[in-house]
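J.: take a look and give me a structure for this.
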Amino acid sequence: MRPISAALVVERQAFRTQVLEELQAAPVRIVLDQGAFGAWPAMQEKLQRLAPDVVVVDLSDQTEDRFDCIRRLRAMPQPPAIIVIHDSDEAAVILKAMRAGATEFLTVPLEAGGLQTALDRIAALLPGREVHSESGGQVLAFLSVKGGAGATTLACGTAAVLGKAASGEILLADLDVETGNVAFAMKASSHYSILDACRSISRLDAHYWKGIISNGLPGLHILTAPADPRAIEIPQGVEVRQVLNFARTLYPFSVIDLPSHLGPLTLAALEDADRAFLITTTELPSLHLAKRTLQMLAFQGYPQQRLALVLNRASRRDEVTTEDIERNLGVPVFWRFPFDAEGVNEFYVKGGTIGPKSDLGRSIRQFTEKISGAPAPAEKTKKSFLGI
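T.: Modelled structure (predicted):
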């Protein structure tokens, strides 16, 4: 399991020293260390960007503002666990902190191992985990370094080929709820979406699932983003993980199309993905964003062995070579998809599958064979009148 990330808001130096001493032996990465909350909008921006699993709060100042900050922490879209430390164990103080949203309450001086025990309890509740594909089907994530780099096209094409090649149906899920390009690309329509699955975790079973997915191509089930922009809301990371874990029980492969920004939803889905394909084009701005994305994922502790760099719209006339890209980004290029404007345009006009005879269609078939280990079925060709 990945280390816990923590933010410290500890005003008194004596408290801070004790906390840091306790954390030295713990698998904890400190992402923020400051003495006070300060202006809440700035603090909220930091916490949303850093997304710590736990915030350690010094309750030395028992003003209503401090309790209000705890309540605001718990009201965040991805609320962290909150450990409150104080030098009093008065029942009234503990009760008020817990009612505000504290997960744990510790008194100073800290008992040896007390903070570690609290962190262990919090870690047990975190949904993050190492992925073991033998526990069910595989989750394959497609992520662009920026909008328009082609992740949706490649995710749809890969899912369509897998649907023909795999033994069992395949899931294609659109987790980019704000863009929702999968439904447009696959010409799929449904009254339900990924949000319905996230809202109904307790009701998820095979019967309910059949009611919310869209049957696309043979062998392919599609879980779309919401069609109505007014109905869009960002699912919680824990909800996304639960939906993906449920999908593992039904499908040998689940292909997910992710938002291009590394927000809480994307990071939650990546954490449960068996393999993630980072899609970039060969233009310098895209390669710059690819390098930043790789660095941010490394900082988040994402396992490099589960991440593959994929070049899209590559051409022999590109100014930069594959070797240049690998040297500058520090990771190998897993696959190169060719520039094929005609094939992509035909796909978005007709929907369904990318033309198997197009350059991109052939490359997707070869890519799918490599990642699945199963040969894609040969496309049928019409015989001549001589039967040749």
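J.: can you pull out the low-pLDDT segments for this protein?
T.: Within the chain, the ranges that satisfy pLDDT under 70 run 1-3, 61-63, 124-135, 167, 202, 216, 231, 374-388.
J.: let me see the domain layout of it.
T.: 4-125, 133-372 (automatic domain parsing).
J.: in a markdown table, list those domains along with mean neighbour count.
T.: Every residue, glycine included, has its C-beta placed from N, CA and C. Listed next are these as a markdown table, based on neighbours: other CB atoms under 10 Å:
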| stretch | mean neighbour count |
| --- | --- |
| domain 4-125 | 16 |
| domain 133-372 | 19 |
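J.: report the contact partners of the nearest residue to residue 174 once chain neighbours are set aside.
T.: Leaving out its chain neighbours, the residue that sits closest to residue 174 by CB to CB, 6 or more residues apart in numbering is residue 182, at 3.7 Å. Applying CB atoms under 8 Å, 6 or more residues apart in numbering, we find residue 182 in contact with 152, 155, 156, 172, 173, 174, 176, 188, 222, 224, 225, 257.
J.: helix or strand for residue 182, which one?
T.: Assigned by DSSP states H and E, residue 182 falls within helix 181-186.
J.: for residue 120, same thing?
T.: Going by DSSP H and E, residue 120 is in helix 114-125.
J.: pull the residues that contact that helix.
T.: 1, 4, 19, 22-23, 25-26, 28, 53-54, 81, 83, 103-104, 106.
J.: what's the following helix or strand after it?
T.: Sequence-wise, the next helix or strand downstream of helix 114-125 (DSSP H and E) is strand 138-144.
J.: extract the C-alpha trace of that following strand and format it as PDB.
T.: What follows is strand 138-144, C-alpha atoms only, in PDB (Å, rounded to 0.1, in the frame of the first residue of the first chain):
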ATOM      1  CA  GLN A 138      -7.900  -6.000 -15.600                       C
ATOM      2  CA  VAL A 139      -8.500  -2.200 -15.600                       C
ATOM      3  CA  LEU A 140      -6.800  -0.300 -18.500                       C
ATOM      4  CA  ALA A 141      -6.700   3.500 -18.100                       C
ATOM      5  CA  PHE A 142      -6.100   6.000 -20.900                       C
ATOM      6  CA  LEU A 143      -5.000   9.500 -20.000                       C
ATOM      7  CA  SER A 144      -4.000  12.400 -22.200                       C
END
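J.: what helices or strands is the helix or strand just after that strand leaning on?
T.: Next helix or strand after strand 138-144 toward the C-terminus (DSSP H and E): helix 151-165. With contacts defined as 3 or more CB pairs under 8 Å, 6 or more residues apart in numbering; DSSP states H and E, the secondary structure elements packing on helix 151-165 are strand 138-144, strand 170-174, helix 181-186, strand 220-223, strand 253-257, strand 275-281, helix 341-350, helix 359-372.
J.: for residue 316, which of these is the nearest?
T.: helix 359-372 (12.2 Å; CB to CB).
J.: angle of the closest one against strand 275-281?
T.: 150 degrees (axes from the mean of the first three to the mean of the last three CA atoms, to 10 degrees).
J.: list of residues touching helix 359-372?
T.: By CB under 8 Å, 6+ apart, helix 359-372 touches 140, 154, 157-158, 161-162, 165-166, 253, 275, 335-338, 340, 343-344, 353-356, 375-376.
J.: what about 6 Å?
T.: With contact meaning CB atoms under 6 Å, 6 or more residues apart in numbering, helix 359-372 is reached by 157-158, 161-162, 335, 337-338, 340, 343, 354-355, 375-376.
J.: pull up the gap between the closest residue to residue 195 other than its chain neighbours and residue 193, please.
T.: Counting by CB to CB, 6+ apart, residue 195 lies nearest to residue 226, which is 5.5 Å off, once chain neighbours are set aside. Distance, residue 226 to residue 193, using CB to CB, to the nearest Å: 4 Å.
J.: equivalent analysis for residue 247, please.
T.: Taking CB to CB, one finds residue 247 at 14 Å from residue 193.
J.: check contacts around residue 190.
T.: 214, 224.
J.: now it, what's its secondary structure?
T.: coil (DSSP: H, G, I helix; E, B strand; the rest coil).
J.: again, but for residue 52
T.: coil.
J.: for the nearest residue to it once chain neighbours are set aside, which residues make a bridge with it?
T.: Once flanking residues are discounted, residue 52 sits nearest to residue 7: 4.2 Å by CB to CB, 6+ apart. Under DSSP bridges, the beta-bridge partners of residue 7 are residue 32, residue 55.
J.: residue 7 contacts residue 32, correct?
T.: Yes: using CB atoms under 6 Å, residue 7 is in contact with residue 32, at 3.8 Å.
J.: kindly provide the distance from residue 321 to residue 315.
T.: Residue 321 is 11 Å from residue 315, by CB to CB.
J.: what strand or helix carries residue 48?
T.: Assigned by DSSP H and E, residue 48 falls in helix 40-50.
J.: please apply the same query to residue 60.
T.: Per DSSP H and E, there is no helix or strand for residue 60.
J.: and the gap between it and residue 90?
T.: 14 Å.
J.: before we move on, what about residue 232?
T.: 45 Å.
J.: which residues touch residue 240?
T.: Contacts of residue 240 by CB under 6 Å, 6+ apart are 265, 268, 269.
J.: name the SS class of the closest residue to residue 180 other than its chain neighbours, please.
T.: Nearest residue to residue 180 in three dimensions, chain neighbours excluded: residue 225, at 3.4 Å (CB to CB, 6+ apart). Secondary structure state of residue 225, per three-state DSSP, is coil.
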